[in-house]
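Trainee: What shape does this take:
(one chain, ligands or ions: 2)
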Amino acid sequence: MNPFTVRYDSAHFCDRKKELGKLRANTSNGLNTLIHSPRRLGKTALIYHLFHNLERSGKYETLFVDLFATTKMEDLIKVLSEKILEKYHKKNFFEGITNILKGITTTLSISQDGTPELGIRLTESNKVKTLNQLLNYLENRKKKVVVAFDEFQEVVKYPEKAEAVLRTAIQPLSNIIFLFSGSTNHLLQEMFLSPKRPFYQSTEVLVLGKIDRKMYFNFIKTTFEKNSKYIEKEGVDYILDFTECYTYYTQVIANQVYYQTEEKMTEKDVRMIVSEYLESKKTDYQNLLNLLPENQKKLAISVANEEVVGKPTSMEFIMKHKLPSISSVAQAIKALTEKEILYKDTEGYSVYDLFFKRFLQRYYSHK
Ligand SMILES: Nc1ncnc2c1ncn2[C@@H]1O[C@H](COP(=O)(O)OP(=O)(O)OP(=O)(O)O)[C@@H](O)[C@H]1O
Ligand SMILES: [Mg+2]
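Mentor: Numbering: from 1, shown residues only. Ligands and ions are numbered 1, 2, ... in the order given. The predicted structure is shown next:
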């Protein structure tokens, strides 16, 4: 099996010791934590790894609840119920349902992988009751329970006043520790940073950064060696330069390089593999680019060529890249940021998807 996976694998997990230490400390101190970072840096994998360790310690029970596909409170209740059934009532889902969803009309089907799929109909009045019932079930477990709500920003989009309902339901609990996680964006930030909102300052915050370059370097090098393969150190450096140490992209490239290594991998071959990989993405990225209106296309290309742009509406940038006008650029920035093609941080704007950036730099170079 390829040790550079793009799925969580406890045996091939790189570093994150500091972050895990902080999360473990928060857990044992009964503190809830918000984890956020740009996309694909490793939030979900970090939670899985923490849960793996907590479960192994024997002191905690963990529940991972992915809210990605949820659009309303009822969905959240449904996913949480399914997770509870799967964890505590695997032998008898029906018995489980009568236990955790008393008085609620439900239908149950079992998916191919054996996980329960619930159908729930909730009235306005019994939503809160059901949520409390589920949380109480966890509150009364003997062991401490850690619940992670991943992609928590989805809650903001629910039609109900879900934030307030959740905050009220969560506040009195003492046996459950919560992790909230999602990608850094205005929805999530406003939720926790705006004084008017229910979750304001209610949690510890962990902003996940990139994995330390030296750590990643050693991880790649030794993973090759453990599997009786050798990679030149310049080859590893080339990977990390190309991916900027960005977790997902590093894993993908390391995966490609690893499986094409018989015994020894040279820097020259790494360069070739990376180049071929980018080539393989060409059609998809070309299509993505072609879908953009002209002013957005030009802006994306210009930003990619600059790597980071502090002020894209400056005359200097507009003139240099022959962009149409300040207003058109301003409009394009807004649209591209909303589409998550551009990402804004304290240094400025950059292309969010690193492979897309490399594609633009290679095929639409301004140099
Ligand atoms: N410490 C790590 N060691 C090895 N691989 C990792 C590590 N952290 C994350 N990964 C891998 O990197 C990829 C991105 O990680 P993950 O999906 O956890 O990111 P995320 O921040 O949750 O992304 P998103 O915001 O899109 O949900 C995954 O393929 C994951 O398996
Ligand atoms: Mg994730």
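Trainee: outside of stretch 90-103, which residues touch it?
Mentor: 81, 84-85, 88-89, 106, 108, 110, 116, 118, 120, 126, 130, 133-134, 137 (Cβ atoms under 8 Å, 6 or more residues apart in numbering). Quick note: C-beta positions are derived from backbone N, CA and C, even for glycine.
Trainee: Report the buried members of those residues.
Mentor: 81, 84-85, 88-89, 116, 118, 120, 126, 130, 133-134, 137 (16 or more other Cβ atoms under 10 Å).
Trainee: I'd like to know which of these are part of strands.
Mentor: Among the buried ones among the contacts of stretch 90-103, the residues falling in strands (DSSP state E) are Pro116, Leu118, Ile120.
Trainee: contacting residues for the first one?
Mentor: The reference is to Pro116. Pro116 touches Glu82, Leu85, Glu86, Phe93, Leu108, Ser109, Ile110, counting by Cβ under 8 Å, 6+ apart.
Trainee: mind redoing it with 7 Å?
Mentor: Residues in contact with Pro116 (Cβ atoms under 7 Å, 6 or more residues apart in numbering) are Glu82, Leu85, Glu86, Phe93, Leu108, Ile110.
Trainee: restrict those to contacts with ligand 2.
Mentor: Among those, no residue lies close to ligand 2 (Cβ under 5 Å from the ion).
Trainee: Could you pick out which of these are located in helices?
Mentor: Secondary structure from DSSP state H places Glu82, Leu85, Glu86, Phe93 of those in helices.
Trainee: Next, count neighbours for Gly348.
Mentor: 16 (other Cβ atoms under 10 Å).
Trainee: same question but for Thr115, I mixed them up
Mentor: 13.
Trainee: quick one: it and Glu86 touch, right?
Mentor: Yes: using Cβ atoms under 7 Å, Thr115 is in contact with Glu86, at 5.8 Å.
Trainee: related to what we said a few turns ago, pull the most distant pair out of the contacts of stretch 90-103.
Mentor: Ile110 and Asn126 (24.9 Å; Cβ to Cβ).
Trainee: what about the chain, any weak spots by pLDDT?
Mentor: Applying pLDDT under 70 to the chain flags the ranges 367.
Trainee: where does it come near ligand 2, residue by residue?
Mentor: Lys43, Thr44.
Trainee: Just the closest residue of the chain to ligand 1, please.
Mentor: Gly42 (2.9 Å; Cβ to the nearest ligand atom).
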